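In: Next input, structure requested:
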Amino acid sequence: YGKRLISVYPNPATDYLLIRVDNPEISNISFQLFNMSGKLVERRQLPNNETSIDFSDLESGIYYLKVIENNKELRTFKIIKNQ
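Out: Below is the predicted model:
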């Protein structure tokens, strides 16, 4: 998988974060969102190739977003959450 096939924006994020998968062959994708202390904040399946995550209720700081396909980690993104 090329790294450019999965993109996450905007980063820094304020109200929302978009995950975009630009490869139709990638399927059964989910994400896990962790805070700085490693606590799982949210996890769910991606219903389509572009999914929005609500960031408005999260505290400011750094988060890690793991994108997973069939229990295999594809990529981890470092996300900055602003006020």
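In: Does the strand or helix carrying Ile53 pack against any helices or strands, and if so which?
Out: Using DSSP states H and E, the element containing Ile53 is strand 50-54. In this structure, strand 50-54 makes packing contacts with strand 16-21, strand 29-35, judged by 3 or more C-beta pairs under 8 Å, 6 or more residues apart in numbering; DSSP states H and E. C-beta here means a position set from N, CA and C on the backbone, and glycine is covered the same way.
In: so can I have CSV of these showing mean neighbour count, distance to Glu42 and mean pLDDT?
Out: Shown next, in CSV, are the helices and strands packed on strand 50-54 (neighbours: other C-beta atoms under 10 Å; distance: least, C-beta to C-beta, whole Å; pLDDT from 0 to 100):
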stretch, mean neighbour count, distance to Glu42, mean pLDDT
strand 16-21, 17, 10, 95
strand 29-35, 18, 5, 96
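In: These into a markdown table, with extra columns for distance to Tyr63?
Out: Rendered in a markdown table, the data for the helices and strands packed on strand 50-54 read as follows (distance: least, C-beta to C-beta, whole Å):
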| stretch | distance to Tyr63 |
| --- | --- |
| strand 16-21 | 9 |
| strand 29-35 | 6 |
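In: Tell me which of these lies nearest to Phe55.
Out: With C-beta to C-beta as the criterion, Phe55 lies closest to strand 16-21 of the helices and strands packed on strand 50-54, at 5.4 Å.
In: Give me the contact list for the strand holding Ile53.
Out: Contacts to strand 50-54, defined as C-beta atoms under 8 Å, 6 or more residues apart in numbering, come from residues Asp15, Tyr16, Leu17, Leu18, Ile19, Arg20, Val21, Phe31, Leu33, Glu42.
In: Downstream of that strand, the next helix or strand is which one?
Out: strand 61-69.
In: For that following strand, list every residue counted as buried.
Out: Tyr63, Leu65, Lys66, Val67, Ile68, Glu69 (16 or more other C-beta atoms under 10 Å).
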